[in-house]
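Enquirer: next input, structure requested:
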Amino acid sequence: MKYNFTLALLGVLSSVVVFAQNDAVDYTAYPERFEKLLTPAANNNLVNVVEHHDEADNHILFNAHFKNGKLHHSWYSQYANGVKCDSGYFKHGIPEGEWKHWDKAGNLRMVRTFSTTKYHRVTDEITKQIKHPTYTLSRMAKQNKNAAWQHLQTKETAIKSKDYKVKALYNVTADVGYASVYNECLYHGLYMNLNENGVVTDSGYYKDGLRDGLWLERDAVTQTINTGMYKHGKKTKEWKQYDARQRLTGITMYKEGEETYRKNFR
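Expert: Okay, the predicted model is just below:
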């Protein structure tokens, strides 16, 4: 049937995993002697590479590059068992392109895509209060600046910290949760969450920092599925609901995020 094809396609292409909040361990207590500056810079315009080793000093937990005091170029971290935890790319402190996160067993759990260029364009329009802004977020800021800025913040916050080192150490040593090592960002492209079994739980695409296009949202408890369209971050047109056996159970219509019609079949 047609809807089965849609669900299968979304499962191949793209997934919300709810991480527990757990900050019981003081990850700031790691001795500085375990941090090694591999390429000391002669001046602040050169890129530095930093490795952070575990207490046995025989395993790299993360590798970061810096330029002018900001994270820049490639990034990766890994668990003590050698399995990669996350990887991506920075441009002057802002994530760029595709980022991925894996659990300790090596299962892919997250895919994120970012645009540094669009981040700077949007923030520039908001800051300068452009009279006729190009981006939806910039227009949103004219009505509610705080709401607009929230879309430019990371969604992965397993612990309350803005320190990339604290969050990186948490990610590779804690048993649950993930905290992105970046704080500000603009989502643009594929966004996907998966559970430990590789099942997509939330997936779709962002455009200029807002959800846009076809999305799939799966309830982690009931395994029911909702699939439909977003436009400028709001649900629009027809959304379909399926039960855990992928049987169509209802249809809901939306206009600019507001429900206008609903029909249940089961």
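Enquirer: A helix includes Thr123, no?
Expert: Yes - read with DSSP: H, G, I helix; E, B strand; the rest coil, Thr123 is one of the residues of a helix.
Enquirer: in contact with it, which residues?
Expert: Leu152 (Cβ atoms under 8 Å, 6 or more residues apart in numbering). C-beta coordinates here come from the backbone N, C-alpha and C atoms, glycine included.
Enquirer: so how far is Asp163 from it?
Expert: Going from Thr123 to Asp163 by Cβ to Cβ, to the nearest Å gives 22 Å.
Enquirer: ok, now His52?
Expert: Distance, His52 to Asp163, using Cβ to Cβ: 12 Å.
Enquirer: these two: which is more packed in?
Expert: His52 (20 against 15; other Cβ atoms under 10 Å).
Enquirer: Gln153 versus that one, what's the distance?
Expert: Going from His52 to Gln153 by Cβ to Cβ gives 25 Å.
Enquirer: point to the helix or strand of this protein where mean pLDDT is at its lowest.
Expert: For the chain, counting by mean pLDDT, DSSP states H and E, helix 2-13 ranks last in confidence among helices and strands (a mean of 43).
Enquirer: so what's the residue nearest the centre of the chain up against?
Expert: Note on the chain: the residue nearest the mean C-alpha position is Arg112, at 4.8 Å, using Cα atoms, centre = their mean. Contacts for Arg112 (Cβ under 8 Å, 6+ apart) come out as Gly88, Pro95, Glu98, Trp99, Lys100, Tyr187, Leu190, Tyr191.
Enquirer: element containing it?
Expert: strand 108-114 (DSSP states H and E).
Enquirer: mind listing what's buried along that strand?
Expert: Buried positions in strand 108-114, judged by neighbour count with 16 or more other Cβ atoms under 10 Å: Arg109, Met110, Val111, Arg112, Thr113, Phe114.
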